[in-house]
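**Q** please find the sequence and the predicted model below.
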Amino acid sequence: MEEQNNSTPVRKGGQTKFLIGGALIIAAIVLLIFTNTKAGAQYFLTVDELKNRQAEMVNRDIRISGAVLGDSIDYDTDNLILRFTVVQVPGDNKEIQALGGLGVVLHNAVMDTSLNRLPVIYEGVMPDLLRNEAQAIMTGYVDETGLFHAEELLLKCPTKYEEAVPEQASEG
Amino acid sequence: MITNIGYGSLIITFVLSLYGIVAAIYGERKNLYRFVESARVAMLLTFPMLTLVALSIITLLVTQHYEVQYVYNTTSQSMPIYLKITALWGGQSGSLVFWAWLMSAFASAVSIRKWSRDRDLLPWVIVVSLVTLAFFLSMIIFFENPFQRFWASPGSREIVAMFQPAGTQLLIPNDGRGLNPLLRHPGMVIHPPMLYLGFVSFVIPFAFGIAALITGRKDDRWIRLTRRWTLVAWMFLSIGLILGSRWAYDVLGWGGYWAWDPVENAALMPWLTGTAFLHSVMIQEKRGLFKRWNMILVILTYSLVIFGTFLTRSGVLSSVHAFAQSAIGPMFFIFIGITFIISLALLIKRWGDLKSEGVMHSLLSRESLFLLNNLLFIGILVVVFWGTVFPLISELLTGQKVTVAAPFYQRSTAPLFAGLLLLMGIAPLSAWGHSTWKTLGKAMWKPGLLSLIVLLGMIISGVHSIGALLGFWLASFAFFITIHEFWRGTKARHKRSGENYLTAFFRLAARNRRRYGGYLIHLSVVLMAIGIIGIEGYQTETQAKLKAGESIQLSGYTVTFKSLAEFDTNDGRNVARAVLDVSKNGKNLGQLYPRRDYFYDSQQPMTIPGVRSTIEDDLYIVLVNWEQISSGSATFKVFHNPLINWLWIGGILLIFGSFVAAWPDQERSLQLERKLASQNSSVVPVSSSD
């Protein structure tokens, strides 16, 4: 530091331009992040939260997850229009764990008719993993009628990764 | 029996690591070198011991010991043997063992190198490596033991335990559940090992950096010692990322290669800091600047490596890659926090020692442009990190979970990547110390002119998108400059030595592998950029339900549905395979076979697209659905992905370039390089002084 203080005025000017240049670039990056975060923000909601705040959430960019109701899956293969219904599941991982894990939560959600449900429409290829008791993670928007238009559809089948005890077991 | 061998070896390795840590510290403090030597032997032994552990798991997997929970969860009888072996990294606990195994291989390799000149660093390199290893081993032993078996007690439930609980009997299932079909892909066989190799080999430069901090060394010895490690780490990480993209493209059937998924981001982040580090160490070597910054970068890279492993394991962010949520998540978090804080504390303690040996003068000097390069890489890192953790931050602050999607990343990173392309063109032409627009302009006007001709050609041929034009122009600018650099070097050598051009070219590259390997990597990045601009800007898609004989058109291609067959295979799949004729402008181009495999054991389907790949574009067809033979119709989704192949071609060149750069120099040319380096430290007017 002292060395820089002792340096000639030319050197000082030389360092200032680096500071200004660096600050400008950092400011540009921060601005880039800030504006794009605002534009690209997506609300992570549960089906319950969406139902409660439906009016203010219409046409907003939403990310939502729910348990797929197997009987509701209706796929129009001519037009590639997929309709199904998802059931409320908690959004919080800890809560899901407390209720016995994702598999249990999804299973109970599908069985429980008192829970909030959300009709979904999706245009495109039906994902391989879409089936009863799968967890659908969707992005899209909800229209005035309460229909969710999914633009992106990801599915998670908990059975795969959860440590379950074998069914077909023999003693040995 | 095998489970006991494996578990026993695991415990022994853990004890060895703990012993190594203690012995190294004790030996260093008390100046008893034999303790350090003994710690070194302990580190050396971790590799054979963990090899035994890995071999035990592989043996269990291959010999179908389904009473072992891990074997049950990741394999089934119908899987081919190579997939049974690779199931070692197909599940949570196995992949942790695999990580530790690779880590021990690198630690052992480090321990057997010659240490004569760097005795003082050795104890601390041992401590950092073994602390990392011991952490992973403790996760395996206490939380994710791969050797746990199923036990049944009469009249009650099954128990999962390592050792036989009282009054129980071993439970042996007939068959396992099988590996997730999505992972049964050649890309998946090598993608995780490459990624892990990249992850663990970054631990080594970090270990040397920390050793340099603790011992109070001010020189760049730690950087020179680990230059090759860093390059190798970077190469493996790059290969891992490219293979992962290729796997996504081949298997996931959505026509893309990168989704900005948290786990993808987790692997990208250490790559970003690693790339910045590779560049900025050169400034320290040549000019003695940025010593603190390099320490920060290597610490960041290490933390991001552990953070990446943590993200995949913790289930804290939802992702298609994430394993089930596990108790080890918080442990990782604590480990990252502690190592990060200790590293920073050491850095602050040595802050004064790591003063730069000079100052920067010129905005256009090489070091200044490298600094800009670092700023942009860190900018991209901040974008990716912000986007990845934004859901957590927003939930913490507002209680409302808000995420950002792919467009956020695309819009935020595109200008930064464009800046990097521009720098890739300019920086190699600038000189250390001082450059002016005049010297730069003189060096770049020819390639610059060529790139403008390309730009003009693109405008005439009907490209209108500003973004694409800018992207292609920057890519061609960097491309021509790099080619021109090769040409200038070759020409100069030809004149000087009288060798013919080809010999001169190869000798040139061989004598300065780091520089020309780096240029090859730059070329590969240009090629990859072309592929990315092509698919991001010009991908088109369509979908239709076709009866046999009907056609669908896209971007000049005509796809005609011929037939569909469903059959069982002897490895436990039901396959539905469509046959399609492809033609372009009336010319027959052959057939494509998109198919859907249904795996009986795991009851999961998998979509495999039919792809016709050329350097110009890919035609990518997904079999979406089909009806019973009676109606004979099927639904297809067709993607047209222009230029995507350049992404993979660039990827292969990148690997080649890394090899060139990392290949050991001959001793003679090394001496020459050192001589030149000492000359270069004074101000030189022209960049191509070597």
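**A** Noted; the coordinates are in hand.
**Q** list the buried ones in stretch B:450-464?
**A** Across stretch B:450-464, burial judged by 16 or more other C-beta atoms under 10 Å in any protein chain shown covers B:450, B:451, B:454, B:455, B:458. Where you see a C-beta, it was placed from the backbone N, CA and C, and this is true even at glycine.
**Q** so the fourth one is in which element?
**A** When you say that, I think you mean residue B:455. Using DSSP states H and E, residue B:455 sits within helix B:437-460.
**Q** domains of chain A: list them as residue ranges, please.
**A** Under the assignment automatic domain parsing, the domains of chain A span A:2-40, A:43-160.
**Q** what about stretch B:544-559, average pLDDT?
**A** Stretch B:544-559 carries an average pLDDT of 89.
**Q** same question but for stretch B:333-340, I mixed them up
**A** Model confidence over stretch B:333-340 averages 92 on the pLDDT scale.
**Q** show me the contact partners of it.
**A** Residues outside stretch B:333-340 that contact it (C-beta atoms under 8 Å, 6 or more residues apart in numbering or on different chains): B:131, B:135, B:299, B:302, B:303, B:306, B:307, B:310, B:314.
**Q** do the same with stretch B:651-668
**A** Defining contact as C-beta under 8 Å, 6+ apart, one finds that stretch B:651-668 is touched by B:228, B:231-232, B:234-235, B:238-239, B:242, B:246, B:509, B:513-514, B:516-521, B:523-525, B:527-528, B:673.
**Q** coming back round to it: send me the helix holding residue B:455 as CSV with only the CA atoms.
**A** Output of helix B:437-460 as CSV, limited to C-alpha atoms (Å, rounded to 0.1, in the frame of the first residue of the first chain):
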residue,chain,number,x,y,z
TRP,B,437,-4.4,0.6,-29.5
LYS,B,438,-1.8,1.2,-32.2
THR,B,439,0.2,-2.0,-31.5
LEU,B,440,-3.0,-4.0,-31.0
GLY,B,441,-4.6,-2.6,-34.2
LYS,B,442,-1.5,-3.5,-36.1
ALA,B,443,-1.7,-7.1,-34.8
MET,B,444,-5.4,-7.6,-35.4
TRP,B,445,-6.4,-5.7,-38.5
LYS,B,446,-6.0,-8.7,-40.9
PRO,B,447,-8.1,-11.2,-38.9
GLY,B,448,-10.4,-8.4,-37.9
LEU,B,449,-11.1,-7.6,-41.6
LEU,B,450,-11.7,-11.3,-42.3
SER,B,451,-14.2,-11.5,-39.5
LEU,B,452,-16.0,-8.4,-41.0
ILE,B,453,-16.2,-10.1,-44.3
VAL,B,454,-17.8,-13.1,-42.6
LEU,B,455,-20.3,-10.7,-40.9
LEU,B,456,-21.1,-9.1,-44.2
GLY,B,457,-21.6,-12.5,-45.8
MET,B,458,-24.0,-13.4,-43.0
ILE,B,459,-26.1,-10.3,-43.4
ILE,B,460,-26.3,-10.9,-47.2
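**Q** burial of residue 69, as a residue count?
**A** I'll assume chain A. The number of residues packed near residue A:69 is 20, by other C-beta atoms under 10 Å in any protein chain shown.
**Q** let's do chain B instead
**A** A count of neighbours around residue B:69, defined by other C-beta under 10 Å, yields 24.
**Q** skipping its backbone neighbours, what lies nearest it in space?
**A** residue B:148 (5.0 Å; C-beta to C-beta, 6 or more residues apart in numbering or on different chains).
**Q** where does the one you found land on pLDDT?
**A** For residue B:148, the pLDDT comes out at 92.
**Q** quick one, what contacts it?
**A** Contacts here follow C-beta under 8 Å, 6+ apart; on that basis residue B:148 touches B:68, B:69, B:70, B:160, B:161, B:162.
**Q** can you pick out the ones from those residues that are in helices?
**A** B:69, B:70 (DSSP state H).
**Q** taking the contacts of residue B:148 together, which two end up most distant?
**A** B:70 and B:161 (13.3 Å; C-beta to C-beta).
**Q** hmm, back to that, for the helix holding residue B:455, give the mean pLDDT please.
**A** Here the average pLDDT along helix B:437-460 is 88.
**Q** what angle do the next helix or strand after it and helix B:437-460 make?
**A** Using DSSP H and E, the helix or strand that follows helix B:437-460 towards the C-terminus is helix B:466-497. With axes from the mean of the first three to the mean of the last three C-alpha atoms, to 10 degrees defining the directions, helix B:466-497 sits at 130 degrees from helix B:437-460.
**Q** related to what we said a few turns ago, burial-wise, tell me which of the domains of chain A comes out on top.
**A** Stretch with highest mean neighbour count among these: domain A:43-160 (a mean of 17; mean count of other C-beta atoms under 10 Å in any protein chain shown).
**Q** so does that domain get close to chain B?
**A** Yes - Domain A:43-160 reaches chain B (C-beta under 8 Å from any C-beta of the partner chain) through A:43-45, A:61, A:63, A:65, A:75, A:77-78, A:80, A:91, A:93, A:97, A:124-126, A:128-129, A:137, A:139, A:152, A:154, A:156-158, A:160.
**Q** SS state for residue B:213?
**A** Three-state assignment for residue B:213 (DSSP: H, G, I helix; E, B strand; the rest coil): helix.
**Q** give me the residue at the spatial middle of chain B.
**A** Nearest to the mean C-alpha position of chain B, by C-alpha atoms, centre = their mean, lies residue B:237 at 2.5 Å.
**Q** got the domains of chain A as TSV, with mean pLDDT columns?
**A** Converted to TSV, the domains of chain A look like this (pLDDT from 0 to 100):
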stretch	mean pLDDT
domain A:2-40	72
domain A:43-160	86
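**Q** what is the mean pLDDT for stretch B:522-531?
**A** Per-residue scores along stretch B:522-531 average to 94.
**Q** CA atoms only for that stretch - export them in PDB, please.
**A** C-alpha atoms of stretch B:522-531 as PDB (Å, rounded to 0.1, in the frame of the first residue of the first chain):
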ATOM      1  CA  HIS B 522      -9.700 -21.000 -27.500                       C
ATOM      2  CA  LEU B 523     -10.500 -22.400 -31.000                       C
ATOM      3  CA  SER B 524     -12.600 -25.100 -29.400                       C
ATOM      4  CA  VAL B 525     -14.500 -22.500 -27.500                       C
ATOM      5  CA  VAL B 526     -15.200 -20.700 -30.700                       C
ATOM      6  CA  LEU B 527     -16.600 -23.900 -32.300                       C
ATOM      7  CA  MET B 528     -18.700 -24.500 -29.200                       C
ATOM      8  CA  ALA B 529     -20.000 -21.000 -29.300                       C
ATOM      9  CA  ILE B 530     -21.100 -21.500 -32.900                       C
ATOM     10  CA  GLY B 531     -23.000 -24.600 -31.900                       C
END
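**Q** contacting residues for the spatially most central residue of chain A?
**A** Closest to where the C-alpha atoms of chain A average out (C-alpha atoms, centre = their mean) is residue A:63, at 4.4 Å. Contact analysis of residue A:63 by C-beta under 8 Å, 6+ apart lists A:42, A:43, A:44, A:45, A:137, A:138, A:139, B:403, B:405.
**Q** just checking, which of these belong to strands?
**A** Using DSSP state E, the subset of these located in strands is A:42, A:43, A:44, A:45, A:137, A:138, A:139, B:403.
**Q** what's the longest helix in chain A?
**A** When chain A is parsed with DSSP H, its longest helix is helix A:9-40.
**Q** how far is that helix from where the chain is centred?
**A** 32 Å (C-alpha atoms, centre = their mean, to the nearest Å).
**Q** in terms of secondary structure, what does it contact?
**A** Contacts defined by 3 or more C-beta pairs under 8 Å, 6 or more residues apart in numbering or on different chains; DSSP states H and E place helix A:9-40 against helix A:2-6, helix B:366-398, strand B:401-404, helix B:406-426.
**Q** quick one: which of the ones you listed is nearest residue B:173?
**A** That would be helix B:366-398 among those, by C-beta to C-beta, at 38.1 Å.
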